[in-house]
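In: turn this into a structure:
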Amino acid sequence: MIQTLSKDIEFEVSQLPKRRETALKVVSIQDLLTFDWGSQAEILQQKIPTLMSILKSSIGDNLNNRLPYVIVGASVILYGRCQQLNLLQYIIGLTLDRCGLNKEGLNILHDIGLSVSYTSVHNKRKSLVKQHEDNLNSVVRKMSTTSPFLIVQIPYCKK
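Out: Numbers count the residues shown, from 1 in each chain. Below is the predicted model of the structure:
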């Protein structure tokens, strides 16, 4: 029975296309801003139903309050298989970085699969800042062309 479950799980996980699987990795800033435990659980249930059933049954009753535990468990397992499946790890890493966790702390959490590495967090933060800056500049250009009386300069820091 365990061998059958193992084969089922291995098959389901192997069906996740590493490069094309966008539901479980960060593709844009929207992926980070629109993360939702319920929708993530639905995606995981569709992609890896056997593993999700095992994780859900190990949590027991009252799954609604414990759904994040199941999602974190599945996400850590998938991240251990393919580090491109990293949506939850980016959210955790960026959140802990913002809360002041140092480089060593982030790298320890990366080593156990709960977060992306400090370098990945730093690179993603830089890319998010650049995206945000580009979006703001686009809005300012639109506004300055539609309203000639509006002159806006947005200061920003460059390191």
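
In: what residues of the host helix or strand of Thr119 count as buried?
Out: Element membership of Thr119, judged by DSSP states H and E, is helix 118-146. Counting neighbours by 16 or more other CB atoms under 10 Å, one finds that the buried residues in helix 118-146 are 118, 120-121, 124. C-beta here means a position set from N, CA and C on the backbone, and glycine is covered the same way.

In: out of the residues you listed, who's nearest Ser39?
Out: Nearest to Ser39 among the buried residues of helix 118-146, counting by CB to CB, is Lys124 at 21.2 Å.

In: count the residues that sit near the residue lying closest to that closest one once chain neighbours are set aside.
Out: Excluding its sequence neighbours, the residue lying closest to Lys124 (CB to CB, 6 or more residues apart in numbering) is Tyr90, at 6.2 Å. Applying the criterion other CB atoms under 10 Å, we find 19 residues in the vicinity of Tyr90.

In: and Tyr90, what element?
Out: Under the criterion of DSSP H and E, Tyr90 resides in helix 87-98.

In: for the following helix or strand past that helix, which helices and strands make contact with it?
Out: Past helix 87-98, heading to the C-terminal end, the next element that is a helix or strand (DSSP H and E) is helix 103-111. Applying 3 or more CB pairs under 8 Å, 6 or more residues apart in numbering; DSSP states H and E, we find helix 103-111 packed against helix 87-98, helix 118-146.

In: right, I'll call it a day here.
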